[in-house]
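Chemist: just need the structure, nothing else, for what follows:
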Amino acid sequence: MGLKLSELDGIVFDMDGVIFDSEAIGLESWERLGKKYGLTNVHENAMKCIGRSTVDTMAILEAAYGDKVSIPELYDEAKAICADIIAERGLPLKSGARELLSYLKEHDIKVGLASSTSYKGVIKNLKGAGLLDYFHVIIGGDMIKHSKPQPEIYLLACEKLGVRPEKTVAVEDSYNGIKAAYNAKMIPIMVPDLIAPTDEILSMVYKKMDSLDAALEYFKA
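Modeler: Sure, this is the predicted structure:
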């Protein structure tokens, strides 16, 4: 038995790795810095930061490299490298993102966004892609105290949207995001990006889909 849009209160999306193909850019920036400063296990530590807030990311990096480099300076440098890469290549949309959002808008579905990225950063990215008007509610990682995997960001998004969590889909790519949606008692749909789901994560997921194109076809059906 599939989900019917008519039976849902709404849908809330994560941003990085779901709407934008941005996680790989972040990893590239950290790997460049790892080579520059001779840091070890950079890929593994950067992967731990996927789906986490700035505060949590800084804490992870502090534990790993705080005795070797200034983490605030390293973080700022990583952001600058990401900005340079995006300026050079653009910030690519995930396949099917615009089409799915357009379909949801045509069918008057309440749509929210819950991202660990700062609110200002989210708005900048959505404006740049011409997607801002597709979202009724936008929650950034700096608007909450407890980031994913805690459910706070999703509960706030549902509250602002005026929807019931148990009748609302959350579209996520990361472990922490799925855990947050599950802990919020939402309907988690996973569209994996850089990390394949474990059995534990799959036990929390309503459905795993290969792409937003597949999600669009699912809801159309």
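
Chemist: show me the strands in this protein, by range?
Modeler: For the chain, applying DSSP state E gives strands covering 10-13, 110-114, 137-139, 168-172, 187-190, 207-208.

Chemist: want to throw those into CSV with mean neighbour count?
Modeler: The C-beta positions use only the backbone N, C-alpha and C, and glycine is treated the same way. Listed next are the strands of the chain as CSV, based on neighbours: other CB atoms under 10 Å:
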stretch, mean neighbour count
strand 10-13, 26
strand 110-114, 24
strand 137-139, 21
strand 168-172, 26
strand 187-190, 24
strand 207-208, 16
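
Chemist: between these, which one is nearest to K48?
Modeler: In terms of CB to CB, the element of these nearest to K48 is strand 168-172, at 16.3 Å.

Chemist: can I get the closest one in CSV, CA atoms only?
Modeler: This file holds the C-alpha atoms of strand 168-172, laid out as CSV (Å, rounded to 0.1, in the frame of the first residue of the first chain):
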residue,chain,number,x,y,z
THR,A,168,4.0,14.1,7.1
VAL,A,169,6.8,12.8,5.0
ALA,A,170,10.5,13.7,5.6
VAL,A,171,12.8,13.3,2.7
GLU,A,172,16.4,12.6,3.8
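
Chemist: which helix runs longest in this structure?
Modeler: Counting by DSSP state H, the longest helix found in the chain is helix 71-89.

Chemist: quick check, distance from that one to the centre of its chain.
Modeler: 18 Å (CA atoms, centre = their mean, to the nearest Å).

Chemist: got it, and stretch 55-64?
Modeler: Distance, centroid of stretch 55-64 to centroid of chain: 18 Å (CA atoms, centre = their mean).

Chemist: check contacts around L3.
Modeler: Residues in contact with L3 (CB atoms under 8 Å, 6 or more residues apart in numbering) are V169, I187, Y206, K207, Y218, F219.

Chemist: residues in a beta bridge with the first one, which ones?
Modeler: What that stands for is V169. I11, I187 (DSSP bridges).

Chemist: so what's it up against?
Modeler: Contacts of V169 (CB under 8 Å, 6+ apart): L3, L8, G10, I11, V12, M186, I187, P188, I189, Y206.

Chemist: what about K68, how many residues nearby?
Modeler: Look at K68: counted by other CB atoms under 10 Å, it has 12 neighbours.

Chemist: go ahead and confirm it touches Y37.
Modeler: Yes. Between K68 and Y37 there is a contact at 7.1 Å, judged by CB atoms under 8 Å.

Chemist: distance of A180 relative to E172?
Modeler: To E172, A180 is 8 Å away according to CB to CB, to the nearest Å.

Chemist: now the common contact residues for those two.
Modeler: G51.

Chemist: so, low pLDDT: which residues of the chain?
Modeler: Residue ranges of the chain with pLDDT under 70: 1.

Chemist: switch to 80 and redo it
Modeler: Counting by pLDDT under 80, the chain contains low-confidence residues at 1-2, 51-53.

Chemist: quick revisit: list the buried residues in the longest helix of the chain.
Modeler: I71, L74, Y75, E77, A78, I81, C82, I85, I86 (16 or more other CB atoms under 10 Å).
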